[in-house]
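Colleague: got a predicted structure plus its sequence, pasted below:
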Amino acid sequence: MTGPGHEIVAGGNPLPVTYADRERVIRTLKAALEQGRLTEDEHHDRTAKASVSRSGAELAGLTADLPAGITAVPPSVRDVRIAVGVIIAAAGVLAAVLVTNPDNMLAFMAALGAIATLIVVPVITVGLIIDVRHQKRSGGSCRRGRHPGDRAAPVREG
């Protein structure tokens with residue numbers, strides 16, 4: 001019988017990994033680094049190995065010593081509300097600067113910061129909204145598809 005990451009298809013070859021499988025492992029490694037479970041060097045080495053892995057067994061081995069379920073926290077509705085608040089605050093700063101001190105250098109710099117915020121933050125906010133809606137519709141479960149550690153129905157040899 002085969003273990004997780006050692007699935008075999010009918011030809012006897014291991015299942016190839018997809019780009020999504022590699023990205024999932026790389027996200028897990030990043031979360032482990034952020035939580036202090038890996039050093040910078042370990043993270044760099046494992047990420048490099050994940051990028052060139054050809055089988056689920058290789059990917060599973062990169063995260064075998066990490067606890068199950070260690071992933072980055074997905075965005076929540078609160079994150080969307082914070083982003084909308086940042087947009088409103090930046091618009092307020094920009095409006096206040098333009099109305100009160102349009103020719104002051106410090107006010108001009110504040111206005112530039114507010115404009116940059118108004119360009120960048122809405123794009124991020126739309127992404128957060130889409131991700132939160134997707135999570136709600138899917139019941140908070142992971143994306144559909146195979147994970148490197150999922151068990152497949154093993155093919156009996158012989």
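Modeller: Okay, I see it.
Colleague: now name the helix or strand holding the residue positioned nearest the centre of the chain.
Modeller: For the chain, the residue sitting closest to the mean C-alpha position, by Cα atoms, centre = their mean, is residue 27 at 5.8 Å. Following DSSP states H and E, one finds residue 27 within helix 19-34.
Colleague: that helix - what's its average pLDDT?
Modeller: The average of the pLDDT scores along helix 19-34 is 85.
Colleague: chain center to that helix: distance?
Modeller: The chain centre lies 8 Å from the centre of helix 19-34; the measure is Cα atoms, centre = their mean, to the nearest Å.
Colleague: mind listing what's buried in it?
Modeller: 21, 22, 24, 25, 26, 28, 29, 31, 32, 33 (16 or more other Cβ atoms under 10 Å). Bear in mind the C-beta positions are built from the backbone N, C-alpha and C, glycine included.
Colleague: so which elements touch that helix?
Modeller: Identification of packing neighbours for helix 19-34 by 3 or more Cβ pairs under 8 Å, 6 or more residues apart in numbering; DSSP states H and E yields helix 40-52, helix 56-62.
Colleague: no more questions from me, cheers.
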